[in-house]
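Participant: What follows is a predicted structure for the sequence shown.
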Amino acid sequence: MAWPSFFSHGNKESLDKGLEKTKESVFLKLSRAVAGKSKVDEEVLDNLEEMLVSSDVGVATTIRIIERIEARVARDKYLNTTELNKILREEIISLLEDNESIPGKNGPDESPSVPYVIMIVGVNGSGKTTTIAKLAYRFKQAGKKVLLGAADTFRAAAIDQLQIWGDRIGVPVVKQQMGSDPASVAYDTVRSAAAGNYDVVIIDTAGRLHNKINLMNELSKIKRVMEKVMPGAPHEVLLVLDGSTGQNAFEQAKQFTAATDVTAMAITKLDGTAKGGVVIGISDQFKIPVKYIGIGEKMEDLQVFSREEFVDSLFRNEP
């Protein structure tokens, strides 16, 4: 069965609307950066650097973008400020190009293993559970048989919330009591999925960051027990980050990439913030592809990330 219905890029109009606050902020800062200038000179570049940093792109990524633009200025000798918008788009797209190729991008349809197991990691409040629900919904819409595992046993609310979402979208949930061993839940989920001929398994995990060693041990144990049931599982470790937290999302990414082998990221809540530039910085700095972005509350508002469409939405000519 082909997979384009789920993994094709989302509605561009929804993306434009979801990134509206970031776009307005970027254009306001960009217009200030070039105010009164006819060509891209050192002052414009300094102002542009400040604009990118304050748009949560991050210092290291900003420096890389500025260096690329400086090289073009040196090569072309004279660049009009009206061209700056186009140049920015091109250079940011180019910067993100290395992360566009995602192993297993087409999920279960590219995997020889059935079920295809996705482990979800991220702090509580990042939109982790709703991301799981949106993924499960989209997989189900694509004709896949989906099973959820409530391995965030640290909080009763996490188990209940996942069950509520499972009931809403018509997807079963494997769960145990609060305080149970998370690895045991993961083991039961994968075993049940294999026995029940499920196509996709999505495992929720706890989002605690207060003790990185405990987090690392817990996630490692969950992975180990799943692999006992199904060699190679999990096939994907998806880190969910709250885009509205800006630079805090970088710190979360550092913690979780240190704790486990993250293979892809989902950045949520971009519709309610002007901090959408964080997507560019995180993708560049961690060399882990951003696979999904969340731009609204609807089930369809979890979109596959396209660097071209994302950058086009941020740097269109009209504010």
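Facilitator: Good, I have the coordinates. Numbers count the residues shown, from 1 in each chain.
Participant: contacting residues around stretch 176-187?
Facilitator: 119, 149-156, 159, 174-175, 188, 203, 205-206, 218, 221-222, 224-226, 228-229 (C-beta atoms under 8 Å, 6 or more residues apart in numbering). (Glycine included, C-beta is placed from N, CA and C.)
Participant: In PyMOL, how would I select just the buried ones from the residues you listed?
Facilitator: The following PyMOL line selects those of the contacts of stretch 176-187 that are buried, judged by 16 or more other C-beta atoms under 10 Å:
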select buried, resi 119+149+150+151+152+153+154+159+174+175+188+203+205+206+218+222+225+226+229
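Participant: Restricted to helices, list the contacts of stretch 176-187.
Facilitator: A156, I159, D188, E218, K221, I222, R224, V225, M226, K228, V229 (DSSP state H).
Participant: what residues does stretch 244-260 touch?
Facilitator: Counting by C-beta under 8 Å, 6+ apart, 56, 58, 121-123, 126, 209, 212, 215-216, 219-220, 223, 237, 239, 241-243, 262, 265, 267, 269-270, 272-273, 275, 278, 281-282, 285-286, 288 sit against stretch 244-260.
Participant: List only those of those residues flagged as buried.
Facilitator: 56, 58, 121-123, 126, 209, 215, 219, 223, 237, 239, 241-243, 262, 265, 267, 269-270, 272-273, 275, 278, 281-282, 285-286, 288.
Participant: Tell me, please, where in the stretch 51-200 of the chain the pLDDT is lower than the cut-off.
Facilitator: 98-113 (pLDDT under 70).
Participant: Report the contact partners of T268.
Facilitator: S126, G127, T130, T131, V240, L241, D242, G243, I293, G294, L302.
Participant: give the contact list for the residue most central in space within the chain.
Facilitator: Nearest to the mean C-alpha position of the chain, by C-alpha atoms, centre = their mean, lies A266 at 1.8 Å. A266 sits next to T131, L238, L239, V240, L241, V290, K291, Y292, I293, G294, L302 when contact means C-beta under 8 Å, 6+ apart.
Participant: Excluding residues flanking it in the chain, which one is nearest it?
Facilitator: Y292 (4.0 Å; C-beta to C-beta, 6 or more residues apart in numbering).
Participant: Give me the three-state assignment for the one you found.
Facilitator: For Y292, the assignment made with DSSP: H, G, I helix; E, B strand; the rest coil gives strand.
Participant: mind listing what I203 touches?
Facilitator: 117-120, 148-149, 151, 185-186, 189-190, 222, 226, 234 are the contacts of I203 under C-beta under 8 Å, 6+ apart.
Participant: picking up where we left off before, pairing partners for the residue nearest to A266 in the sheet, please.
Facilitator: A266, V304 (DSSP bridges).
Participant: Which pLDDT value does the model give it?
Facilitator: With respect to pLDDT, Y292 scores 94.
Participant: got the contact list for it?
Facilitator: Counting by C-beta under 8 Å, 6+ apart, Y292 touches T131, L135, L238, A264, M265, A266, I267, L302, Q303, V304, F305.
Participant: what do you get for V262?
Facilitator: Here V262 is in contact with V121, V237, L238, L239, A253, F256, F286, I288 (criterion: C-beta under 8 Å, 6+ apart).
Participant: Tell me how many other residues crowd K86.
Facilitator: 11 (other C-beta atoms under 10 Å).
Participant: now, which of the contacts of Y292 sits nearest L19?
Facilitator: Set against L19, the nearest of these by C-beta to C-beta is Q303 (10.7 Å).
Participant: in terms of contact, does that closest one touch I293 like I think?
Facilitator: Yes. Between Q303 and I293 there is a contact at 5.6 Å, judged by C-beta atoms under 8 Å.
Participant: When the two are compared, which one has more neighbours?
Facilitator: The neighbour comparison of Q303 against I293 (other C-beta under 10 Å) goes to I293, with 27 against 24.
Participant: My guess is that one contacts F310. True?
Facilitator: Yes. At 7.2 Å, I293 and F310 qualify as touching, with contact defined as C-beta under 8 Å.
Participant: where do the contact lists of these two overlap?
Facilitator: Joint contacts of I293 and F310 (C-beta under 8 Å, 6+ apart) are V279.
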